[in-house]
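A.B. asks: Only the shape, not the letters, is given here:
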């Protein structure tokens, strides 16, 4: 389904072709603005942070266990590289949760962080 069909289906107000084109151009330029998408809570971006934290946590735990078990310096170095990255991403996820909670208290209608 393209943008033209969504206009026809969901609008009760009919727009002229010139107005439709202008509105589509504005929307396409807003979709390309990463800062605006981040502020508006782009659903595609919101999914990746919890997934990244989960995968990094699993990888860190696996590398740590295997590194201790085998005493392989390469695995221990991999853990030393993965663990700070995992903590950083977990901290970002925690900040997002706190920000969401403060917005909910303020009465704003926002999507959940997970």
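C.D. replies: Done, it's in. Everything numeric in this text was worked out from a predicted model, so none of it was measured.
A.B. asks: What helix or strand is the spatially closest residue to residue 83 that is not a sequence neighbour located in?
C.D. replies: Leaving out its chain neighbours, the residue that sits closest to residue 83 by CB to CB, 6 or more residues apart in numbering is residue 60, at 5.3 Å. In short, each C-beta sits where N, CA and C put it, glycine included. Taking DSSP states H and E as the criterion, residue 60 maps to helix 43-70.
A.B. asks: buried ones in that helix?
C.D. replies: Residues of helix 43-70 classed as buried: 49, 50, 52, 53, 56, 57, 59, 60, 63, 64, 67 (neighbour count, 16 or more other CB atoms under 10 Å).
A.B. asks: what residues are up against the fourth one?
C.D. replies: Pointing back at residue 53 there. Contacts for residue 53 (CB atoms under 8 Å, 6 or more residues apart in numbering) come out as 86, 89, 90, 93.
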